[in-house]
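Peer 1: build me a model from this:
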Amino acid sequence: MRPRRPRDPNELAFQVFQEAIGEAPRQEIPEEDTTPAAVAKRKGAAQGGKKRAQKLTPEQRREIAQKAAAKRWKKPTP
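Peer 2: Got it, this is the predicted structure:
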């Protein structure tokens, strides 16, 4: 997981500037977790959608797609 950085562009620029001149400690990116459990979890997450799609009937997939399209194109209420 990467360290959190400020979302505000001005704060981010200030933080990068401080790191560059050495006034703030540089945020290191931690190494990726390579334990067998973590690797299996990432692989499972990548396969989940494909396996779910294989289990659904064409009618179920169509219904899900129609609901998603309706949500996507729904006009926001003021």
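Peer 1: any idea of the pLDDT on Pro78?
Peer 2: On pLDDT, Pro78 comes in at 60.
Peer 1: give the buried residues for the helix or strand of the chain with the lowest mean pLDDT.
Peer 2: Least confident element among the helices and strands of the chain, by mean pLDDT, DSSP states H and E: helix 36-55 (a mean of 76). Residues of helix 36-55 classed as buried by neighbour count (16 or more other CB atoms under 10 Å): none. Glycine gets a C-beta too; all of them are placed from N, C-alpha and C.
Peer 1: report the distance from that helix to the chain centre.
Peer 2: Mean-position distance between helix 36-55 and its chain equals 15 Å (CA atoms, centre = their mean, to the nearest Å).
Peer 1: next, the angle helix 36-55 makes with the next helix or strand after that helix.
Peer 2: Counting by DSSP states H and E, the element after helix 36-55 in chain order, helix or strand, is helix 58-73. Here helix 58-73 runs at an angle of 110 degrees relative to helix 36-55 (axes from the mean of the first three to the mean of the last three CA atoms, to 10 degrees).
Peer 1: same question for helix 58-73, mean pLDDT?
Peer 2: 92.
Peer 1: off-centre distance for it?
Peer 2: Computed by CA atoms, centre = their mean, the separation of helix 58-73 from the middle of its chain amounts to 23 Å.
Peer 1: got a list of contacts for it?
Peer 2: 53, 56 (CB atoms under 8 Å, 6 or more residues apart in numbering).
Peer 1: which positions within it qualify as buried?
Peer 2: Buried, per 16+ other CB under 10 Å, within helix 58-73: nothing.
Peer 1: can I get that helix in PDB, CA atoms only?
Peer 2: Provided in PDB are the C-alpha atoms of helix 58-73 (Å, rounded to 0.1, in the frame of the first residue of the first chain):
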ATOM      1  CA  PRO A  58     -27.300 -15.000 -20.300                       C
ATOM      2  CA  GLU A  59     -30.600 -13.700 -19.000                       C
ATOM      3  CA  GLN A  60     -29.100 -12.900 -15.600                       C
ATOM      4  CA  ARG A  61     -26.100 -11.100 -17.200                       C
ATOM      5  CA  ARG A  62     -28.500  -9.100 -19.400                       C
ATOM      6  CA  GLU A  63     -30.600  -8.100 -16.300                       C
ATOM      7  CA  ILE A  64     -27.400  -7.000 -14.500                       C
ATOM      8  CA  ALA A  65     -26.200  -5.000 -17.500                       C
ATOM      9  CA  GLN A  66     -29.600  -3.300 -17.900                       C
ATOM     10  CA  LYS A  67     -29.600  -2.200 -14.200                       C
ATOM     11  CA  ALA A  68     -26.100  -0.900 -14.500                       C
ATOM     12  CA  ALA A  69     -26.900   1.100 -17.600                       C
ATOM     13  CA  ALA A  70     -30.000   2.500 -16.000                       C
ATOM     14  CA  LYS A  71     -27.900   3.700 -13.000                       C
ATOM     15  CA  ARG A  72     -25.200   5.100 -15.200                       C
ATOM     16  CA  TRP A  73     -27.600   7.100 -17.400                       C
END
